[in-house]
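Participant: Structure of the sequence below:
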Amino acid sequence: MNSPLKVIDMHTGGEPLRIIIDGYPKLPKGTILSKRAYVRDRLDHLRKILMFEPRGHFDMYGALLVDTDLPDADLAVLFMHNEGYSTMCGHAIIALGRYAVDYGLVAKVEPVTTVRIECPCGMVVASVEVRDGKSGSVSFESVPAFLFASDQIVDVPDFGKISFDVAYGGAFYALADCHQFGLEFGRDAASAFKHAATVLTEAVKEAVPLDHPDHKDLAFLYGSILTDGADEWNEAPTKNVCIFADAQLDRSPTGSGVTARLAAMHAKGQIVKSTARIFESIVGSRFAGFVETTTKAGQFDAITARVSGHAYYSGMAEFIVEDGDPLGTGFLIS
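Facilitator: Next comes the predicted model:
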């Protein structure tokens, strides 16, 4: 670490995003997935400095802005968390849309500014509302999302046989009704949700081999989403909580998770195209999402979803590691 790490902190629906704007060395040219591999293999100590304590915490989330590879991208981003590097993050896209408009990465256009964000999963297009020069709510159109495996059964330690789907929304998730685990939504149930989702993720990893039509680096189970089971079309909000990476709990409804749920709902005839459904997180924050288009992803029938929400600024900082600090390179207590 040769220079201070400068960041701007935001949150979307309560889920933090630490945008890293300076302090990383220049990355080699190449695809976004090759940059992800380089940062993972060569610069992971910087992730730990920023995500871990004493500067971060177990549930911190980060975004590293990198040079674009796709010619029509406005910016490119690598996502990071307590375990490593993800391929897509909807709450981060919502925050980065505002950031790109407010900090001049794109020309501001009223009433909507388009921001094209190159992610490890592909190009994600954000639409930022702008009124009187100020940015507001943000929506994004997903990469193609699809139901990978439907109505599967797995034997989960502590819980027995659990029914689940696997869907892709920029990352792969197992989707399951929380009532199978004896759970009800509420902030006081967070630890129980974390345990149930974590053992489900491990069981599904063993039971369901994954593949993605675009790249093998996308074919891994990122986590599990436990829902209230309200998948059939309803005007009332449906609740879900996403537990990803190393038992990290998303405070937001999870943008890529909402996308995956919409893909599964569409495949099962449970959603009305172009009609929004409201998705609520464990802390009560909400995203709206709907099926925008139908498409293909390799052999899979797929959709693109549009997901919208609000992000807010929470601070800015400059971080260093002082010589001789025995804990300065980061640690975690879950």
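Participant: any idea how far the residue positioned nearest the centre of the chain lies from Phe58?
Facilitator: In the chain, the centroid-proximal residue (C-alpha atoms, centre = their mean) is Cys89; its distance is 2.5 Å. Distance, Cys89 to Phe58, using C-beta to C-beta, to the nearest Å: 17 Å. Every residue, glycine included, has its C-beta placed from N, CA and C.
Participant: and if you look at Lys216?
Facilitator: From Lys216 to Phe58 the distance is 29 Å (C-beta to C-beta).
Participant: Comparing the two, which shows the higher neighbour count?
Facilitator: Phe58 (16 against 10; other C-beta atoms under 10 Å).
Participant: A helix includes that one, no?
Facilitator: No: Phe58 is assigned coil when assessed by DSSP: H, G, I helix; E, B strand; the rest coil, not a helix.
Participant: got a list of what the closest residue to Ser334 other than its chain neighbours touches?
Facilitator: Nearest residue to Ser334, sequence neighbours excluded (C-beta to C-beta, 6 or more residues apart in numbering): Phe58, at 5.0 Å. Applying C-beta atoms under 8 Å, 6 or more residues apart in numbering, one finds that Phe58 lies in contact with Asn82, Gln248, Leu332, Ile333, Ser334.
Participant: could you dump those to TSV with pLDDT?
Facilitator: Formatted as TSV, the contacts of Phe58 follow (pLDDT from 0 to 100):
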residue	pLDDT
Asn82	96
Gln248	96
Leu332	94
Ile333	90
Ser334	78
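Participant: Can you pull the phi and psi angles for Ala260?
Facilitator: The phi/psi pair for Ala260 (degrees, to the nearest 10) reads phi -60, psi -40.
Participant: wait, it sits on Leu175?
Facilitator: Yes: between Ala260 and Leu175 there is a contact at 6.8 Å, judged by C-beta atoms under 8 Å.
Participant: who touches both of these two?
Facilitator: What both Ala260 and Leu175 touch, as defined by C-beta under 8 Å, 6+ apart, is the set Ala167, Ile225.
Participant: neighbour count winner among those two?
Facilitator: Ala260 (34 against 25).
Participant: And that one, how far from Lys194?
Facilitator: 19 Å.
Participant: what do you get for Glu292?
Facilitator: 32 Å.
Participant: same deal with Ala174?
Facilitator: Taken as C-beta to C-beta, the span from Ala174 to Lys194 is 14 Å.
Participant: the more surrounded of those two?
Facilitator: Set Ala174 next to Lys194 and count neighbours by other C-beta under 10 Å: Ala174 wins out with 29 against 17.
Participant: list the contacts for the closest residue to Phe172 other than its chain neighbours?
Facilitator: In this structure, Phe172 finds its nearest non-sequential neighbour in Leu221, 5.1 Å apart by C-beta to C-beta, 6+ apart. For Leu221, the contact set (C-beta under 8 Å, 6+ apart) comprises Val166, Phe172, Tyr173, Ala174, Thr201, Val204, Lys205, Val208, Leu210.
Participant: same deal with Thr254?
Facilitator: Glu15, Gly90, His91, Ile225, Asn240, Cys242, Phe244, Ser281.
Participant: where are the low-confidence patches of this structure?
Facilitator: Along the chain, the parts satisfying pLDDT under 70 run over 1.
Participant: tell me, which helix in it spans the most residues?
Facilitator: Using DSSP state H, we find that the single longest helix of the chain is helix 190-207.
Participant: elements contacting it?
Facilitator: strand 146-156, strand 160-168, strand 172-177, strand 221-227, strand 238-244, strand 248-249 (3 or more C-beta pairs under 8 Å, 6 or more residues apart in numbering; DSSP states H and E).
Participant: how many other residues sit next to Leu105?
Facilitator: Leu105: 14 neighbours (other C-beta under 10 Å).
Participant: Then Ala189?
Facilitator: 15.
Participant: what's the closest of the contacts of Phe58 to Met123?
Facilitator: Gln248 (25.5 Å; C-beta to C-beta).
Participant: Contacts only, for the closest one.
Facilitator: Phe58, Asp59, Tyr61, His81, Asn82, Glu83, Gly223.
Participant: Of those, keep whichever come out buried.
Facilitator: Phe58, Asp59, Tyr61, His81, Asn82, Gly223 (16 or more other C-beta atoms under 10 Å).
Participant: buried ones in stretch 122-141?
Facilitator: Buried-residue list, stretch 122-141, by 16+ other C-beta under 10 Å: 122, 124-130, 135, 138-141.
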